[in-house]
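Participant: have a look at this prediction, sequence included:
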2 protein chains.
Amino acid sequence: MTTITGDQALVKRINTSLILDTIRRHAPISRASVSELTGLNKATVSNLVQELLNNHLVQESGPGASSGGRKPRLLLFNGQAGYAIGLELRVQQMTAVLTDLAGRIVAEDECPLEQHDTDSVTAGMVAIVRRLMQLAPQSPHGIVGIGAGVPGMVDGSGTVLFAPNLGWEMVPLSQLLEEELGLPVTIDNEANAGAQGELRFGAGRDASHLLYISAGSGIGSGIIINGELYKGARGYAGESGHMTIESEGRSCSCGNRGCWELYASEKSYDNEEFALPSKRTSELISYARQGHEGTIRHFYKLGHYLGVGITNLVNGFNPQSVIIGGPLSDARAWLEDTMQQVVAQRTLPYHRERMEIRFAELGSRSTVIGAAYSAISQFLGPVRVSMPMN
Amino acid sequence: MTTITGDQALVKRINTSLILDTIRRHAPISRASVSELTGLNKATVSNLVQELLNNHLVQESGPGASSGGRKPRLLLFNGQAGYAIGLELRVQQMTAVLTDLAGRIVAEDECPLEQHDTDSVTAGMVAIVRRLMQLAPQSPHGIVGIGAGVPGMVDGSGTVLFAPNLGWEMVPLSQLLEEELGLPVTIDNEANAGAQGELRFGAGRDASHLLYISAGSGIGSGIIINGELYKGARGYAGESGHMTIESEGRSCSCGNRGCWELYASEKSYDNEEFALPSKRTSELISYARQGHEGTIRHFYKLGHYLGVGITNLVNGFNPQSVIIGGPLSDARAWLEDTMQQVVAQRTLPYHRERMEIRFAELGSRSTVIGAAYSAISQFLGPVRVSMPMN
DNA sequence: ACAACTTTGTTTAACCAATAGACAAAGTTG
DNA sequence: CAACTTTGTCTATTGGTTAAACAAAGTTGT
């Protein structure tokens, strides 16, 4: 049993993490302000800030303006103290970014993915990571870790339990990569990573409860509760795509009927009575731009069904914001109106009032950035203390 | 800003809470075993146990069997060190229990509810609480608090945001009761309290991720994540009853269409082409027992729709167990088979494999016991420390 | 220009909880 | 009955936070 017990080291970790977080959020900030904001004693803040300065995680940026007394010595989070790599595994492509500890993208890379056997994929991942590592500037902590987002269910140990689109089952991905790279690796579901990305760096920065919808070849969702990603009992709880919205609808490959993603993802392209001019989202968007009626009508319909599913999730989760990402978010122009209408018509008033639906700010990069953030977060080692009300 | 900072008091609270929890779960247990189980030093355990003994929250029960050395001095959690009261507010009735700190019911009471204005209801609640307080045995801590479960949305401060069946909006219930009673009051949604009850004392004792469905005049759900109740952004996230299962289904009073509870709660009684012989669940159960075909067919259908909605929640939440409670659970005999069939046919294999669906063990008492537990838990003051993976 | 006040950050001594290890207490076993 | 075991307490130490004093570096009013 590895319960967390209380001792002084824990106290120090909690407080250091609290201070670092405060500096990250309010920089530039003085020690005195940190002390006020956190409630910690000035001496404690001074001591722990000194350690953070020694670690190069924090820097002094010179004196600030006086407010009637001694000038403050302002502190900054040093995003360049280390770097992380974020990966996204899609069915036909692999993308990766090198970011600093503040999540700023320093370099990007991608490569096509043709074979899906474990060996080729991990070899490809290792190669792309090595290429990006070369590009990392010198820094005190170097590459602090790798994060990857994959289209499937993942458990807490970094094993991909099930990824139907890759044909994977029980692949110990983080172990494979760690052995090869000698760095800490975190694995997340693609939608969960996207949710993290938008939460920290994108459209969800001010929310602590948000729902991220990744619409592409299927539909995934990432759920942020209280500023943290929620993962289900067995490591994955976002299979919203297989939520029934028509109880006697079409059969789905998952065994259920009337699944949401049959109507509101790229899977709907196979579902049309009137044949569409293409089955690729990017091409359909071109057709829509040229005014192709069938395509536009299909997007409207898709927007409608997106709204139906979002309504369900909103009524169940009561998020502050819903963020729509993934490839289909590029068709925003034709999806948004019908979707917003459906949601406005159908959500409970109490949910609707203070909730808003937005599109991903990071575009196609939500997932890679979120994955990198996972690695960064693991390195910075946040500890949270809570007193549940129940 | 009231962030939790680390100091020695926190450390002590964490460890005391950890020790008390260990004793509650493993009693009778020696100090040495507590030390081993928690990882805390023997001296620490001895000291904190001494304080718990002084508080009367723990008792020594005499020597245990030796395993080759000095006999251990066994410790017990003293459930009789104090008492709590749990309340459930239904539309036509109010029920309450007096429990000890271990959640054992000492006394029960109920009274009909005719008027729903705030004053009458709070007066009734105060009266029933006072009656039960009289029945509480003498104890070191006396009545440590009151917990109440209400059919509506509740925020963290104990305000009922919205309770359509009572016609309530923004009622500061916990404040009203605290002023009158001079005791700490916690307010929960009825389904959330039921989930707590079953988690701690009922069918969910071994699960840390569970979904509780309360089927009655509507459908509510309580979600336990990682052993803790999940509440949404504005204090309530279990409006599953208003999840669409037929995107073009009947209109619901909530504004949406095809809501689950139109098909799988007592609301479905108004929904039949063939008139049912009654609109009360208890009477319909009698008819079903006597073999009334229309009623039985209706229950089968209701079981089917229960299964449809449960499938959605299971695919979204991935719980270890689903527990069905509320008045409709009394019709288990006619609901269970069709419901189980639908779920088995429709859930994702990965979710289905290790998940089971059960009926509430505490029967109609899930909610009152859960509400009492809230009050107890508040009093015992658990603190949780977590290191999220992201 | 200068005394009085403010604000920032550090130093000091005290406090307190956990801990390792010694020790005392109370067993069992050959 | 001596040697060993297990349980629980005692003691000195460690290492963190803290309040309060203090030092440093400003501003402001006359």
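Facilitator: That came through fine. Given the structure is predicted, the values throughout are model-derived calculations rather than measurements.

Participant: just the helices in the stretch 251-390 of chain A please.
Facilitator: For the stretch 251-390 of chain A, the helices defined by DSSP state H, counting those that start in this stretch occupy A:260-264, A:281-289, A:293-317, A:332-346, A:349-352, A:366-380.

Participant: of all the ones you listed, which one is nearest residue A:208?
Facilitator: Comparison of the helices of the stretch 251-390 of chain A against residue A:208 by Cβ to Cβ identifies helix A:293-317 as nearest, at 12.6 Å. The C-beta positions use only the backbone N, C-alpha and C, and glycine is treated the same way.

Participant: that closest one vs helix B:293-317, what angle?
Facilitator: The directions of helix A:293-317 and helix B:293-317 differ by 90 degrees, with axes from the mean of the first three to the mean of the last three Cα atoms, to 10 degrees as the criterion.

Participant: what is helix A:293-317 packed up against?
Facilitator: Using 3 or more Cβ pairs under 8 Å, 6 or more residues apart in numbering or on different chains; DSSP states H and E as the contact criterion, the secondary-structure elements in contact with helix A:293-317 are strand A:210-215, strand A:219-225, helix A:260-264, helix A:281-289, strand A:321-325, helix A:332-346, helix A:349-352, helix B:293-317.

Participant: and those as TSV, adding distance to residue A:111?
Facilitator: Written out in TSV, the entries for these read as follows (distance: least, Cβ to Cβ, whole Å):
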stretch	distance to residue A:111
strand A:210-215	21
strand A:219-225	23
helix A:260-264	27
helix A:281-289	19
strand A:321-325	22
helix A:332-346	28
helix A:349-352	42
helix B:293-317	33
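
Participant: DNA strand D is nearest to which of these?
Facilitator: Comparison of these against DNA strand D by Cβ to the nearest atom of the strand identifies strand A:219-225 as nearest, at 27.9 Å.

Participant: would whichever helix or strand comes after the closest one count as contacting chain B?
Facilitator: Next in sequence after strand A:219-225, counting helices and strands by DSSP states H and E, comes strand A:228-229. Yes. Contact between strand A:228-229 and chain B, assessed by Cβ under 8 Å from any Cβ of the partner chain, occurs at A:228-229.

Participant: so for strand A:228-229, mean pLDDT?
Facilitator: Summarised as a single mean, pLDDT over strand A:228-229 is 78.

Participant: packing partners of it?
Facilitator: In terms of contacts (3+ Cβ pairs under 8 Å, 6+ apart), strand A:228-229 is packed against helix A:190-201.

Participant: buried ones in the helix it packs on, by neighbour count?
Facilitator: Under the neighbour-count criterion of 16 or more other Cβ atoms under 10 Å in any protein chain shown, helix A:190-201 has A:190-201 buried.

Participant: which residues touch the closest residue to residue A:263 other than its chain neighbours?
Facilitator: Sequence neighbours aside, residue A:305 is the residue nearest to residue A:263 in space, at 3.9 Å (criterion: Cβ to Cβ, 6 or more residues apart in numbering or on different chains). For residue A:305, the set of contacting residues under the criterion of Cβ atoms under 8 Å, 6 or more residues apart in numbering or on different chains consists of A:245, A:260, A:263-264, A:268, B:247.

Participant: among these, which one has the most neighbours?
Facilitator: residue A:260 (33 neighbours; other Cβ atoms under 10 Å in any protein chain shown).

Participant: nearest residue to residue A:325 other than its sequence neighbours?
Facilitator: residue A:360 (3.4 Å).

Participant: against residue A:49, how distant is residue A:42?
Facilitator: For residue A:42, the distance to residue A:49 equals 10 Å [Cβ to Cβ, to the nearest Å].

Participant: again, but for residue A:226
Facilitator: Note on residue A:226: its distance to residue A:49, by Cβ to Cβ, is 27 Å.

Participant: of these two, who's got more company?
Facilitator: residue A:49 (22 against 13).

Participant: does the strand or helix carrying the more buried one come close to DNA strand C?
Facilitator: For residue A:49, the element it lies in under DSSP H and E is helix A:42-54. Yes. Applying Cβ under 7 Å from any atom of the strand, one finds helix A:42-54 touching DNA strand C at A:42-43, A:46-47, A:49-50.

Participant: what about that helix, average pLDDT?
Facilitator: Per-residue pLDDT values over helix A:42-54 give a mean of 95.

Participant: from residue B:148, how far off is residue A:292?
Facilitator: In this structure, residue A:292 and residue B:148 are 58 Å apart, going by Cβ to Cβ.

Participant: average model confidence for stretch A:279-287?
Facilitator: 92.

Participant: low-confidence ranges, chain A, go.
Facilitator: Within chain A, the segments meeting pLDDT under 70 span A:1-6, A:231-239, A:272-274, A:382-390.

Participant: how about the secondary structure of the residue in chain A that DNA strand C sits nearest to?
Facilitator: Residue nearest to DNA strand C within chain A: residue A:69 (1.9 Å; Cβ to the nearest atom of the strand). Taken by DSSP: H, G, I helix; E, B strand; the rest coil, the conformation at residue A:69 corresponds to coil.

Participant: for it, grab phi and psi.
Facilitator: Reported as degrees, to the nearest 10, the phi and psi values for residue A:69 are phi -150, psi -160.

Participant: now do residue A:292
Facilitator: As for residue A:292, its main-chain torsions (degrees, to the nearest 10) stand at phi -70, psi 110.

Participant: tell me where the stretch 1-150 of chain A has helices.
Facilitator: When assigned using DSSP H, counting those that start in this stretch, the helices of the stretch 1-150 of chain A occupy the ranges A:8-26, A:31-38, A:42-54, A:118-134.

Participant: just want the angle from the third one to helix A:31-38.
Facilitator: Which is helix A:42-54. Counting by the same axes, to 10 degrees, helix A:42-54 lies at 110 degrees to helix A:31-38.

Participant: and helix A:42-54, anywhere near DNA strand D?
Facilitator: Yes. Figure legend: helix A:42-54 in contact with DNA strand D (Cβ under 7 Å from any atom of the strand); contacting residues A:42-44, A:47-48.

Participant: buried ones in that helix?
Facilitator: A:44-45, A:47-49, A:52.

Participant: nearest residue to residue A:58 other than its sequence neighbours?
Facilitator: Spatially, and ignoring its direct neighbours in sequence, residue A:58 is nearest to residue A:52 (4.0 Å; Cβ to Cβ, 6+ apart).

Participant: these two touch, right, that neighbour and residue A:18?
Facilitator: No. Look at residue A:52 against residue A:18 with Cβ atoms under 8 Å: they stay out of range, at 11.6 Å.
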